[in-house]
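the following comprises the amino acid sequence and a computationally predicted model.
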Amino acid sequence: RTALRGAQESTSSFREFLRNPQPDPAQIVKEQREALVVSPQIAQAATDEIGDYIARSEKHLAWMRREAEARKDKETLASLDSIDRNLAEAKRTHDTLCGCCLQESFDAMVATACCQKIDDALARAISEHDTLMKRLGEQQPRKK
């Protein structure tokens with residue numbers, strides 16, 4: 001799986017956890033008026049994993065950009081610009097999510113909304129990346 005897909009899967013998993021937490025005392029500190037107070041360790045682990053995948057995606061896309069620049073492939077560079085914009089949006093929202101998870105009064109609804117926004121940006125980046133990889137694959141000479 002690509003790092004982009006890993007980030008999306010991690011984000012989706014964390015969002016689902018926030019929507020439907022399992023009553024595990026290690027994961028949930030307490031419930032307050034319909035709001036969950038999630039263990040800081042769980043929130044930190046989830047956001048770290050998402051951030052790691054985003055960083056790996058950035059490195060991969062930077063490598064692809066260097067290769068496209070060396071080939072003077074303007075079409076690939078344009079696709080990479082679009083992917084980078086979506087990944088940058090995911091990264092900005094990830095920063096917001098990290099800040100939310102560090103708050104003393106963790107707001108699961110805000111964190112869930114951040115996860116959805118990250119997921120949406122990653123979905124757009126993945127779609128563009130898939131299209132780009134298909135196009136690049138079609139350009140490769142066929143081996144017999």
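Done, it's in.

could you give me the buried positions within stretch 70-80?
Buried residues in stretch 70-80, counted by 16 or more other Cβ atoms under 10 Å: 73, 76, 79-80. Where C-beta positions appear, they are placed from N, C-alpha and C, glycine not excepted.

any idea which of those residues is closest to Ala123?
Ser79 (15.7 Å; Cβ to Cβ).

and Lys91, what does it touch?
For Lys91, the contacting residues are 54, 58, by Cβ atoms under 8 Å, 6 or more residues apart in numbering.

can you pull the pLDDT of it?
Lys91 carries a pLDDT score of 97 in this model.

could you do Pro141 as well?
Pro141 is assigned 63 on the pLDDT scale.

ok, Lys72 next?
The model's pLDDT for Lys72 equals 97.

again with the one 3 residues further on
Note on Glu75: pLDDT of 96.

quick check: which element contains it?
helix 74-102 (DSSP states H and E).

likewise for Cys114?
helix 108-139.

rewinding a little: so how far is the helix holding Glu75 from its chain's centroid?
Here helix 74-102 is found 8 Å from its chain centre; the criterion is Cα atoms, centre = their mean, to the nearest Å.

now swap in stretch 49-59 and tell me
On Cα atoms, centre = their mean, the centre of stretch 49-59 falls 7 Å from that of its chain.

residues of that stretch that come out buried?
For stretch 49-59, burial by neighbour count (16+ other Cβ under 10 Å) applies to 49-51, 53-54, 57.
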